[in-house]
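Participant: Have a look; sequence and predicted model below, questions after that.
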Amino acid sequence: MTSATVTTPGALHRFTEGLPRPYWFLWAGLLINRTGSFIVPLMTVYLTRERGLSLIDAGGILALYGVGSLGGTTLGGWLADRIGRRSTLLLSLVSASFVMILTGQARELPHIAALVFLLGFCADLFRPASQALVADLVAPEFRVKAFGTQYWAINLGFAFAALVGGFVARSGFSVLFFADAATTLICAAVIFAGIPETKPEVHATKQEGSLLTPFFDPKFAPFLVLSYVTAFVFMQHLTSLPKDMTDKGLGPEAFGIALSANGVLIVLLQPLVLKAVTAGGRGRALGFGALLTGIGFGITAFADALPLFVLSVAVWTLGEIVMAPVNSTVVAERSPAHLRGRYQGAFGLTWSLAVVTAPVISPRMIAVTGLSAFWGVCFVVCAIAGVGYALALPDPKRA
């Protein structure tokens with residue numbers, strides 16, 4: 001009689017289970033790319049310190065990045081469904097690296113404005129194609145893990161970029177523009193080498209749909225509205241947060257340290273939180289994440305030194321950790337396979353719209369309310385959004 005040996009899957013197996021080889025090429029490319037993403041988090045600092053713009057003018061330029069992102073996200077979703085996920089990713093990365101270099105060389109305000117717009121457009125062709133690719137490659141039961149692990153890699157790179165970029169910026173921004181462009185091209189090379197095309201075929205029985213299809217989907221449109229509201233508050237870390245820290249005597253290196261806490265915490269906590277997020281209902285998870293986001297930004301009203309700003313970032317980071325993989329999974333679950341690019345593009349559009357509107361609306365709100373009251377408004381908005389998520393996405397087991 002022979003005895004069978006029972007083996008328990010190791011940590012590596014559990015980490016990689018359900019995630020195919022091409023997924024890991026995308027994962028590696030994103031890690032490399034985000035490790036060199038120095039410019040966008042420091043764009044407000046660059047425009048105000050290096051180019052001498054006021055906060056309102058810098059906000060207008062940053063809004064142009066968002067306008068470009070609006071177009072890029074929309075077109076990127078359509079291209080992902082028409083020409084393919086891989087082709088759209090490569091188009092985005094190569095064009096964005098070229099525009100990044102030109103942006104770093106621009107000195108006249110009209111040139112900077114036009115190039116920042118193009119940068120947002122080219123960079124955000126990437127997002128819907130990337131998310132659609134993951135949905136194509138990964139089975140439904142592993143998608144929350146796939147999106148969460150992807151987000152973990154993105155933020156591992158982001159933590160490095162925010163910390164290093166803040167210190168290097170003290171000596172000048174030129175090297176940061178070239179480093180950002182170089183890592184973007186390396187990401188393109190990794191994707192070219194290791195990822196096949198995955199675009200599903202459209203059968204004759206299926207309607208191809210249009211760019212507007214996701215917005216008229218009654219089960220999806222409320223989710224888009226809530227995504228925009230939450231994203232508007234989240235985007236304050238690129239607009240109102242640096243303003244608050246500057247007003248309180250903290251420089252770009254302090255901003256880099258505070259923001260790096262975001263990436264560090266995601267790297268440390270995302271794997272631990274992922275199992276709980278996978279098990280919970282989508283609406284409850286997003287509602288809880290939105291509430292944490294509001295509390296985090298609300299704490300900023302009381303911050304007067306770097307440790308309290310780091311605490312604020314830490315709390316809204318917990319909200320981000322909960323929401324990020326669930327958001328992408330909801331889109332994948334509620335979109336037809338042949339329209340995944342467009343649905344992901346519609347979701348990305350809500351964030352791009354927040355990039356456009358936050359730099360324009362926030363300074364004007366702050367001028368009326370003051371920064372402390374403004375952070376209170378952010379808390380209230382997120383609390384309301386949290387209730388909205390729970391109502392719009394009920395747990396199927398309880399619905």
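Facilitator: Done, it's in.
Participant: So for stretch 362-369, what gets flagged as buried?
Facilitator: For stretch 362-369, the neighbour count (16 or more other Cβ atoms under 10 Å) marks 362, 363, 366 as buried. C-beta coordinates here come from the backbone N, C-alpha and C atoms, glycine included.
Participant: Looking at those residues, which one is closest to residue 61?
Facilitator: residue 363 (12.5 Å; Cβ to Cβ).
Participant: In helices, which of the buried residues of stretch 362-369 appear?
Facilitator: In this view, the buried residues of stretch 362-369 that belong to helices under DSSP state H are 362, 363, 366.
Participant: Just put the residues you listed in CSV and tack on distance to residue 266 and pLDDT.
Facilitator: As requested, those are exported to CSV (distance: Cβ to Cβ, whole Å; pLDDT from 0 to 100):
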residue, distance to residue 266, pLDDT
362, 24, 89
363, 28, 86
366, 28, 89
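Participant: As a markdown table, the buried residues of stretch 362-369 with distance to residue 63 would be great.
Facilitator: A markdown table is the format used below for the buried residues of stretch 362-369 (distance: Cβ to Cβ, whole Å):
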| residue | distance to residue 63 |
| --- | --- |
| 362 | 10 |
| 363 | 10 |
| 366 | 15 |
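Participant: and which of the ones in helices among the buried residues of stretch 362-369 is nearest residue 340?
Facilitator: For these, the nearest to residue 340 is residue 362 (32.3 Å; Cβ to Cβ).
Participant: Regarding residue 336, what are the backbone dihedral angles?
Facilitator: Backbone geometry at residue 336, expressed as degrees, to the nearest 10, gives phi -60, psi 150.
Participant: And for residue 111, the neighbour number?
Facilitator: Close neighbours of residue 111, defined as other Cβ atoms under 10 Å, add up to 13.
Participant: repeat for the one 4 residues further on
Facilitator: Applying other Cβ under 10 Å, we find 22 other residues in the vicinity of residue 115.
Participant: Next: residue 141.
Facilitator: Neighbours of residue 141 under the rule other Cβ under 10 Å: 9.
Participant: Do you know the pLDDT at it?
Facilitator: Looking at residue 141, its pLDDT reads 81.
Participant: Would you quantify the distance from it to residue 102?
Facilitator: Distance, residue 141 to residue 102, by Cβ to Cβ, to the nearest Å: 44 Å.
Participant: For residue 69, give its distance to residue 82.
Facilitator: The value you get for residue 69 to residue 82, if Cβ to Cβ is used, is 20 Å.
Participant: More neighbours: which of these two?
Facilitator: Using other Cβ under 10 Å as the criterion, residue 69 and residue 82 rank with residue 69 on top: 28 against 15.
Participant: next helix or strand past the helix or strand hosting that one?
Facilitator: Element membership for residue 69 (DSSP states H and E) is helix 55-82. Downstream of helix 55-82, the next assigned helix or strand under DSSP H and E is helix 85-105.
Participant: Show me which residues of that next one are buried.
Facilitator: Buried residues in helix 85-105 (16+ other Cβ under 10 Å): 85-86, 88-100, 102-104.
Participant: Could you figure out how far it is turned away from helix 55-82?
Facilitator: If you take axes from the mean of the first three to the mean of the last three Cα atoms, to 10 degrees, helix 85-105 sits at 160 degrees to helix 55-82.
Participant: Extract the CA atoms of helix 85-105 and return them as CSV.
Facilitator: Taking C-alpha atoms only, helix 85-105 is exported to CSV below (Å, rounded to 0.1, in the frame of the first residue of the first chain):
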residue,chain,number,x,y,z
ARG,A,85,-5.4,45.9,-27.0
ARG,A,86,-1.7,45.4,-27.8
SER,A,87,-1.6,47.8,-30.7
THR,A,88,-3.3,50.5,-28.6
LEU,A,89,-0.8,50.0,-25.7
LEU,A,90,2.2,50.4,-28.0
LEU,A,91,0.8,53.5,-29.7
SER,A,92,0.2,55.1,-26.4
LEU,A,93,3.6,54.4,-24.9
VAL,A,94,5.7,55.4,-27.9
SER,A,95,3.8,58.7,-28.5
ALA,A,96,3.7,59.6,-24.8
SER,A,97,7.5,59.2,-24.5
PHE,A,98,8.1,61.5,-27.4
VAL,A,99,5.7,64.2,-26.1
MET,A,100,7.2,63.9,-22.6
ILE,A,101,10.6,64.9,-24.0
LEU,A,102,9.2,67.9,-25.9
THR,A,103,7.3,69.0,-22.8
GLY,A,104,10.5,69.2,-20.8
GLN,A,105,12.1,71.4,-23.5
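Participant: pLDDT on that helix, on average?
Facilitator: 94.
Participant: try stretch 334-350
Facilitator: Stretch 334-350 carries an average pLDDT of 85.
Participant: Count the neighbours of residue 329 for me.
Facilitator: Residue 329 has 24 nearby residues by other Cβ under 10 Å.
Participant: what do you get for the one 3 residues further on?
Facilitator: Close neighbours of residue 332, defined as other Cβ under 10 Å, add up to 24.
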